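# need the 3D shape of this:
(chains A and B)
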Protein chains: 2
Amino acid sequence: MSKINLPKYYYNLKADLPELPPPPLHPVTGQPISPADLEGLFPKSLIEQEISTERFIEIPEKVREAYAEYRPTPLKRAKKLEKYLNTPARIYFKYEGTNASGSHKLNTALAQAYFNKLDGTEQLTTETGAGQWGSALAYAANFFGLKLTVYMVGISYDQKPYRRIFMETFGARVVKSPSRETAAGRKVLEADPDSPGSLGIAISEAVEVAMSDPKTKYALGSVLDHVLLHQTVIGQEVYEELSLLGEKPDVLIACVGGGSNFGGFTFPFVREKLKGENIEIIAVEPKACPTLTEGEYKYDFGDVAGLTPKMPMYTLGYDFIPPGIHAGGLRYHGDSPLVSLLYKNKIISAKAYPQLKVFEAGVTFARTEGIIPAPESSHAIAAAIDEAVKCREEGVAKTIVFNLSGHGYFDLSAYEAYFAGKLKD
Amino acid sequence: MSKINLPKYYYNLKADLPELPPPPLHPVTGQPISPADLEGLFPKSLIEQEISTERFIEIPEKVREAYAEYRPTPLKRAKKLEKYLNTPARIYFKYEGTNASGSHKLNTALAQAYFNKLDGTEQLTTETGAGQWGSALAYAANFFGLKLTVYMVGISYDQKPYRRIFMETFGARVVKSPSRETAAGRKVLEADPDSPGSLGIAISEAVEVAMSDPKTKYALGSVLDHVLLHQTVIGQEVYEELSLLGEKPDVLIACVGGGSNFGGFTFPFVREKLKGENIEIIAVEPKACPTLTEGEYKYDFGDVAGLTPKMPMYTLGYDFIPPGIHAGGLRYHGDSPLVSLLYKNKIISAKAYPQLKVFEAGVTFARTEGIIPAPESSHAIAAAIDEAVKCREEGVAKTIVFNLSGHGYFDLSAYEAYFAGKLKD
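Coordinates of the predicted model:
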């Protein structure tokens, strides 16, 4: 049982960065965007957070109350996994799957729903890939009394019916993307009626609908600075918990899709690293969507239709549609500008793992630690296992800490496919 | 965050009952069974617990360590539900769905796996209906290093593939029941090749396999005295938690299938009631399988093939096969002898609810309290809502406490059927 308290502030890495990311550019004019340019999409309070360089931003009391339902989340030592690997390493994991939506996404969903409600928003639109973000926002919208329409990436919609029903049980409307409800969706379907969809396409649809009505705003589950900001409750708790245990991490590991899980978990430690602490920080992505390890750092759109601002980031190209791997939350062509900048400046490193190795790690973790992980989170497990094995081979007792961003109880069809030998790398 | 400690003992109601249930009878001779008669099925340590009349039975340290991963479970006040119902009642619920297997079943699964391992068992067999028990035992068998074969009721096997995959991920072998692996299964299939199965049939299969090998034992997820004994950790925690809050329950509510959830939650309070406390204790069952409310109190077999001892209980007949309702864990023709005796002696009361009302209550609970309940648990919610509405009508502020025995994240296909209007009463 955790003895630490809930964080009172979000931590803003931008206050400590020696160099800020270049500004987002307007998709049409190519000029740096102004806060006013974003007002069609987001409420003012969240736009302020997006551009703020204040180090600490207060968490409102009502959001802290909502967090208190499931936070602080547990930090656990994976003793059985250590024993199974016969490693001298100490392996810890932060478990973000204890809330109703089953992943870290709820941390920002609650904040975004709250600030939207405060600023008069009546309806939210969003996209979801694996369904984790949509589930979290469905819970949060229901919690704070907002309507919600979710554009769900087509292949996930088919692979993960339970995620859709989850969102519907909390009152959300879920639409398979690409859909015929939007110009962006219709355009994709004309070119490819069997399109599996992608996060980029679904974002285009949700953005298009939000821009058409002033009481409807758009909520994004990753990539943007304010989203990563909200997720820093994770890393702040880990920092406190490790301090209580008298531990300092040698290696921090998290999976990366749009970057919110990775950023939220690592930024409070990036702060320490910038002050001189020696910490290896590893982002793990799927080999099928190798944004950091094989992408290019440049300005690119966040979506497929080119409706979002252009952002400075590692990208595989805004029209890249990744194969239908089961870690749907990591199927994104780009990455958070903040995470991208850290990678460009070699403050963090990155690794790409193929799907089968990831599922093997997930099953090993389930049978040792008793939690079935989300396929996204299993990327971090696979890398943690590799680090722990390296410790055994080198006879070094490092402290390895990874983020278990969510559980896999909605992903069991993927495990079934893995056991049946139907998954491919 | 709970401030109470883990219980150190299981509470044995038999120490406080003015009258013990009549003894189980041997299925062939019709004579009271001896402990030795049970040794083909269960390890000696569990047989001792089954017949013990000691008031407190110590929980082994290794089992307490396993419990500490998820216990004490939270006792929460359902303030949003109270507000939604506009009731003066105070509604509390104990939430047993926080562990990996998602229900209260893990409390006895861990104890049974531990004692079997201690006594030299190498393999366990069992049945599962909704899949909650099988999931719990799969987790527990993996935890303590035992092999496991699960005979899963056919209709649940088809309706709940994720439950099967869950068990397989933890290393269990799952067989659709009735199967051709056993004489009992083959007999049912000859009469009805499309049999949806039932708990009674699945028990026959698991028992038959266990009796054929001395290193293989059978584990039952409900009904028997030692199973209810293990579940009393729930009620003991609730008692402590309510005391800390300065609350005394006026009404206690739990769903009842075989009786382990109901017994574990209520027995520590039955003890108080026997001492003179004024507590209304309500068992809730499905209208489609109304064992207490419409069954007969008599000796009957626990399974369909007549392999188990005959037990004194309310029963719909050992060959009763309930319709395929979605609360699979409540589809059992009989009931725990201890719970049956309490009902016969009017220490507890019982209500039967139709399926649609139960799902309506489940959705109301999800949208107010943020947890999607298992259909079994929604029976208790439906009754708690009725009691709270009665409080509003009568202007009485009772304290209503129910057990939320598990979550519904593996039951979302049932919710989908409910939303689509496909469920029938």
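
# show me what the lowest-mean-pLDDT helix or strand in chain A is packed against.
Within chain A, no helix or strand scores below helix A:154-159, which has a mean of 87 by mean pLDDT, DSSP states H and E. Identification of packing neighbours for helix A:154-159 by 3 or more Cβ pairs under 8 Å, 6 or more residues apart in numbering or on different chains; DSSP states H and E yields strand A:173-177. Any C-beta I mention is one placed from the backbone N, CA and C, and that applies to glycine too.

# give me the distance from the strand it packs on to the chain's centre.
20 Å (Cα atoms, centre = their mean, to the nearest Å).

# what score does A:Met1 have for pLDDT?
Confidence at A:Met1, expressed as pLDDT, is 43.

# swap in A:Ala138?
In this model, A:Ala138 carries a pLDDT of 98.

# before we move on, what about the one 4 residues further on?
In this model, A:Asn142 is scored at 98, pLDDT.

# now do the contacts for it.
A:148, A:170-172, B:367, B:370 (Cβ atoms under 8 Å, 6 or more residues apart in numbering or on different chains).

# quick check: mean pLDDT of the following helix or strand past the least confident helix or strand of chain A?
Moving toward the C-terminus from helix A:154-159, the next helix or strand (DSSP states H and E) is helix A:161-169. Per-residue pLDDT over helix A:161-169 has a mean of 93.

# so what touches helix A:161-169?
In contact with helix A:161-169 (Cβ under 8 Å, 6+ apart) are residues A:101, A:128, A:130-132, A:134-135, A:138, A:148, A:150, A:152, A:156-157, A:174, A:410, B:162, B:363, B:366-367, B:372, B:409, B:412-413, B:415-416, B:419.

# quick check: angle from it to strand A:173-177?
140 degrees (axes from the mean of the first three to the mean of the last three Cα atoms, to 10 degrees).

# could the contacts of A:Asn142 be laid out in a markdown table, adding neighbour count and distance to B:Pro18?
Shown next, in a markdown table, are the contacts of A:Asn142 (neighbours: other Cβ atoms under 10 Å in any protein chain shown; distance: Cβ to Cβ, whole Å):
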| residue | neighbour count | distance to B:Pro18 |
| --- | --- | --- |
| A:Leu148 | 23 | 56 |
| A:Phe170 | 24 | 48 |
| A:Gly171 | 16 | 50 |
| A:Ala172 | 26 | 54 |
| B:Arg367 | 17 | 44 |
| B:Gly370 | 19 | 43 |
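
# chain neighbours aside, what residue packs nearest to A:Asn5?
Excluding its sequence neighbours, the residue lying closest to A:Asn5 (Cβ to Cβ, 6 or more residues apart in numbering or on different chains) is A:Pro72, at 7.5 Å.

# residues touching the one you found, list them.
Per Cβ under 8 Å, 6+ apart, neighbours of A:Pro72: A:2, A:4-6, A:237, A:241.

# in the least confident helix or strand of chain A, what counts as buried?
A:154-157, A:159 (16 or more other Cβ atoms under 10 Å in any protein chain shown).

# so where's the stretch 301-425 of chain A shaky on pLDDT?
Along the stretch 301-425 of chain A, the model assigns pLDDT under 70 to no residue.

# give me every residue that touches whichever residue of it sits closest to chain B.
Closest approach between the stretch 301-425 of chain A and chain B, counting by Cβ to the nearest Cβ: A:Leu412, at 4.2 Å. A:Leu412 makes contact with A:372, B:161-162, B:165-166, B:169, according to Cβ under 8 Å, 6+ apart.

# nearest to A:Asp194 among the residues you listed?
Closest approach to A:Asp194 among these (Cβ to Cβ): B:Pro161, at 25.2 Å.

# quick one: contacts for A:Pro27?
So A:Pro27 contacts A:301, A:306-310 (Cβ under 8 Å, 6+ apart).

# what's the closest of those to B:His26?
Nearest to B:His26 among the contacts of A:Pro27, with distances taken as Cβ to Cβ, is A:Thr308, at 74.1 Å.

# near chain B, which residues of chain A are found?
Contacts of chain A with chain B, taken as Cβ under 8 Å from any Cβ of the partner chain, map to A:1, A:69, A:98, A:100, A:102, A:139, A:142-143, A:161-162, A:165-166, A:168-171, A:363, A:366-367, A:370-372, A:409-410, A:412-413, A:415-416, A:419.

# much appreciated, bye for now.
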